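1. Quick one, structure for this:
(2 chains)
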Amino acid sequence: MAAIASVPEVFTRKASGLVRVMSPYSAFVYNILTMGLIFPWTYLWAPGALPGGKLVWGILLAMLLEIPIALAYVWLSTALPRSGGDYVFQSRAFGGFWGFTLLMSGFVIWILQWVALSGWLLSYLGFAPLFLGLGATMSNPGLSSIGVWFTSSTGIIIVSILNALIGMLLLVSGFKNYVKVQYVMFYAILVAFGTMLIVLFTTPAEVFVERLNAFAVASGNAPNFYETALAATQAAGIDTNPPFSLLATLLVAPIAWTSLQWATYSAEQNGEIKDARSFKNQAFILVGSLIVTGILLALLAAAIEKAAGTEFLYVAGAGYWGGVEEAKIAGFWLWPNMLAVAMAASPLVVLLIGFGYIMNSHQIVNNCYIGVTRIMVAMSLDRLLPAWVSKVDERLHTPVNAHLIYFLFSIPVILVYNLWGEWYALTLGVTFACGYVFAASALAGAVFPYRAKDIYEASPGAKYKLGKVPWVTILGGLGAVFGFSMVASYLIFPQLGLVSTLAYTVVFGIIAVSAIWYFVAKSAQKRRGINVDYAFKEIPPE
Amino acid sequence: MPLLGKKADKKLTKLFFATDVHGSERTWRKFLNAGKFYSADVLVMGGDIIGKMAIPIIREGAGRYRATLQGTIHHIEGEDALKALQGRVGFLGFYSQVMDEEEYRALAADPSAVDRVFHDLARQRLSAWIQLAEERLSGTGIKAYVTGGNDDYADVLAVIQEAGAQSIIDCEGKMVQIDDDHTMISIGLSTPTPWKTPREVSEEELWVEIEKMAAQVPDPSKAIFNFHDPPNDSTLDRCPMLDWDADPPAPIVKAGQMVMHGAGSKSVRRAIETYSPMLSLHGHIHESAGIVKIGPTITVNPGSEYGEGILRGFLANLSHGQVGGYQLTSG
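-> Residues are numbered from 1 along each chain as shown, chains lettered A, B, ... in the order given. Just a heads-up that it's a prediction; the model follows:
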């Protein structure tokens, strides 16, 4: 039997203590930012690829499926509050080989694509609509032309490389500098998101087409844009009023998971979070941020449907997924932010939304560096990556080499992503790859009470059991089933993009390269008298 | 150290270093087993071995007890449950003492009595640890060198010397020969902290102590410095800057952000830069684990995760004044 102590009956003495930098609220904000609630995959990809799927339900389903995964992270984070993170969780539960192979392939290598995506989002969803919107609302074709440049390959590549460079310089200059900027990003995104919701929810359905057409004309399209786009969509054989499909609705979830799977990313920084051992704090950070973001994503989907109607979703999806050129404005897909800009027709709204998207897109590249460079440093200290990767600059106090390497490796990925058409179909490969990392961590949570019994027994979550079975085993098991199911769906259903020979080659090739790297590094270190397994192998106390 | 390096020298001494176990039964037991587990010849404990908290287990009558652990009051019944609770308390690095309600109230009202309890419990635990070390290490050829840290009471550390143990060697304030080639000097003192811990000295006093010790070293290039305090501004000493006037010390926040700084010792840094030992071992700042090079010296703080029962450590192969392969461990 246990109760919370009001006045602790303990004796303490004068001894030095541990102080952490990041408040639980900061970690909560960090997770929401990481989930990128304004990113548009779900709103265009899902209707285009999955006719008959219900957006709002699919988003809420993804949130529900992610909850047991996030809860497994709560247990793991409170059990290993100082050294936490997926690499540690998995290495402790499954051994160094799996920890390294899954994290090296799923995070370190695949997140390079997130660096490319961050730049693409910044250019295509941040700068382009900003200038296009300003051009249309201020009747300035020059600004519209600048907006169109940001949608070109050249524009996107330049913006992407600068985006990655600025993120690297910001983080190398010190984590505290990033934290200062993080709050600007957070509130900018909230303002942008709130503005979009207000505009879309307050736009009467009967004026939607009229305002969209007016915006299209101001952006250089011919009159009657919507009618033309609808006719072209239907001519392309796309049903704009399909019957409800349960399978399509279920498959919306893996796409929405692109955002929601990042609810647990703050675990990479457990060592810096205050009271990280507190169950309540971790639940607030991990599960709280997930639910808030899930609800907001669903709200935005509902707002779009309310303003534009279901038929419009299929027109917009046809432009994105079906390649129907008539369903674009100035060559630009009909993202939620474009709709809000078109409906409001106000330069102020354009600025508020544009700034939010710019901030969130740039924030993604910071997340890539923050999480991945920590993992790279840990792998280097474990002697699985070269020692210079973990070198910390004495003046800046940051792992400069790790950041620099990651920046340099991101450049070819940026070029491939924006210049090689076939690669574009692998966009959500990042969801697949990061998804197997998260699902594996949920599985690590399930086996943790048995694989690291003493550490688990000493953790605050050990008291929660269903009969004799630890709750983390049940939730982690469920999370792993849900997570791996969504991961597997990427390899089965062509609507999710990973069923081509190229996709299989890339996906399994990256895993194979990571596994081979582990064995080569292990063998090389053995020659120097180093056993890399010692990095996580528990010494028997008895 | 390149990833694809030379083959290891066969004539080497394998050294394992851990620090800041803060009374944790589990990590101490792991430390004693580390020699066998890692095939290490020499074990070094870098200080702060005494626990920070004592848990009164209050007798409520008829085999029932209550105790507050990690903010939660636990009510238990029976001797088995009592033993399990005491084990969990020790796992976390705390001490426990069974007492009546009245005894608890009297103790709680008398800070000097609480202080005496801490000293007694710490001496008892350290004595038990030394006995365990003798049982586990005698006849193995493995030597364990132990120094104190700034958090350790001098009278408690004296237990190591008084015990006259063969396997545990009190190395503080001494130059010891750890094998035919290599020597080690150890200092457990730290420069002042906002917690005003038992063994703090000024930078000047620490420098005098270091100079005194370094003078005994025949060849600094084949020496190990085992200093509890890490070198200043080395990245092994990063932590939030604290307000020393607050009780407990509170982080200083400027423009909404905690101010971070290097809290290590300038004297220790100067010593490494002046003498260039082959290896320099440190602890003190648990959250700042890492390996850096200061000049030619490999400088290490393995950090500490004693509260979770995990023994963070550092393993190195020493040969003819060179540090061959080395790695951080998390056992």
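2. what about the helices in the stretch 151-300 of chain B?
-> Taking DSSP state H, counting those that start in this stretch as the criterion, the stretch 151-300 of chain B contains helices spanning B:154-163, B:203-214, B:266-275.
3. any chance of those in CSV, plus distance to chain A and mean neighbour count?
-> Backbone N, C-alpha and C define where each C-beta goes, glycine included. As requested, those are exported to CSV (distance: least, C-beta to the nearest C-beta, whole Å; neighbours: other C-beta atoms under 10 Å in any protein chain shown):
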stretch, distance to chain A, mean neighbour count
helix B:154-163, 11, 17
helix B:203-214, 16, 16
helix B:266-275, 10, 20
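4. can I get the ones you listed in TSV with mean pLDDT and distance to B:Thr19?
-> Listed next are the helices of the stretch 151-300 of chain B as TSV, based on pLDDT from 0 to 100; distance: least, C-beta to C-beta, whole Å:
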stretch	mean pLDDT	distance to B:Thr19
helix B:154-163	87	14
helix B:203-214	96	17
helix B:266-275	97	14
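5. elements contacting the helix or strand hosting A:Ala301?
-> Using DSSP states H and E, A:Ala301 maps to helix A:289-308. Judged by 3 or more C-beta pairs under 8 Å, 6 or more residues apart in numbering or on different chains; DSSP states H and E, helix A:289-308 is in contact with helix A:24-35, helix A:41-49, helix A:55-79, helix A:175-202, helix A:205-218, helix A:246-260, helix A:310-320, helix A:336-344.
6. just how off-centre is the last one within its chain?
-> Mean C-alpha position of helix A:336-344 versus that of the full chain (C-alpha atoms, centre = their mean, to the nearest Å) differs by 24 Å.
7. For it, output the C-alpha coordinates as PDB.
-> What follows is helix A:336-344 as a C-alpha-only set of coordinates in PDB (Å, rounded to 0.1, in the frame of the first residue of the first chain):
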ATOM      1  CA  PRO A 336      -4.500  24.000 -46.000                       C
ATOM      2  CA  ASN A 337      -2.400  27.200 -45.600                       C
ATOM      3  CA  MET A 338      -3.100  28.100 -49.200                       C
ATOM      4  CA  LEU A 339      -6.800  27.600 -48.600                       C
ATOM      5  CA  ALA A 340      -6.800  29.800 -45.500                       C
ATOM      6  CA  VAL A 341      -4.800  32.500 -47.400                       C
ATOM      7  CA  ALA A 342      -7.300  32.300 -50.300                       C
ATOM      8  CA  MET A 343     -10.300  32.500 -48.000                       C
ATOM      9  CA  ALA A 344      -9.000  35.500 -46.000                       C
END
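8. residues making contact with that helix?
-> With contact meaning C-beta atoms under 8 Å, 6 or more residues apart in numbering or on different chains, helix A:336-344 is reached by A:38, A:40, A:43, A:125, A:129, A:132-133, A:136-137, A:192, A:195-196, A:199-200, A:203, A:208, A:211-212, A:214-216, A:300, A:304, A:307-308, A:329, A:332, A:349-350, A:353-354, A:357.
9. what's the answer for the fifth one, then?
-> With C-beta under 8 Å, 6+ apart as the test, helix A:205-218 has contacts from A:135-137, A:139, A:203, A:222-227, A:306-309, A:312, A:329-330, A:339, A:341-343, A:345.
10. Could you identify the longest helix within the chain?
-> If you meant another chain, say so; for now it's chain A. helix A:347-381 (DSSP state H).
11. look at chain B instead
-> helix B:111-137.
12. ok, and does that one reach over to chain A?
-> Yes. Under the criterion of C-beta under 8 Å from any C-beta of the partner chain, helix B:111-137 makes contact with chain A via B:Val114, B:Asp115, B:Val117, B:Phe118.
13. Highest neighbour count among these?
-> Ranked by neighbour count (other C-beta atoms under 10 Å in any protein chain shown), those have B:Phe118 at the top, with 23 neighbours.
14. that older thread, state the next helix or strand along the chain beyond the longest helix of chain B.
-> Next element after helix B:111-137 (DSSP H and E): strand B:143-146.
15. quick revisit: now do the buried residues in the longest helix of chain A.
-> A:347, A:349-381 (16 or more other C-beta atoms under 10 Å in any protein chain shown).
16. relative to helix A:175-202, how tilted is that helix?
-> Angle of helix A:347-381 versus helix A:175-202, following axes from the mean of the first three to the mean of the last three C-alpha atoms, to 10 degrees, is 140 degrees.
17. What lies in contact with the helix holding A:Ala301?
-> A:28, A:31-32, A:35, A:37-38, A:42-43, A:55-56, A:59-60, A:62-63, A:66-67, A:70, A:193, A:196-197, A:200-201, A:203, A:205, A:208, A:256, A:259-260, A:263, A:266, A:312-313, A:316, A:336, A:339, A:343.
18. Quick check: the residue of chain B most remote from its centre vs B:Asp80, distance?
-> Distance from the centre of chain B peaks at B:Ala62, with 39.5 Å (C-alpha atoms, centre = their mean). Distance of B:Ala62 to B:Asp80, computed by C-beta to C-beta, to the nearest Å: 15 Å.
19. cool, A:Leu260 as well?
-> 45 Å.
20. Run through the stretch 401-542 of chain A and note the low-pLDDT ranges.
-> Applying pLDDT under 70 to the stretch 401-542 of chain A flags no residue at all.
21. Show me which residues of it sit near chain B.
-> A:454-455, A:457-460, A:521, A:524-525, A:527-532, A:534-542.
22. Does at least one residue of stretch A:174-185 sit close to chain B?
-> Yes. Applying C-beta under 8 Å from any C-beta, one finds stretch A:174-185 in contact with chain B at A:Lys176, A:Val179, A:Lys180, A:Tyr183.
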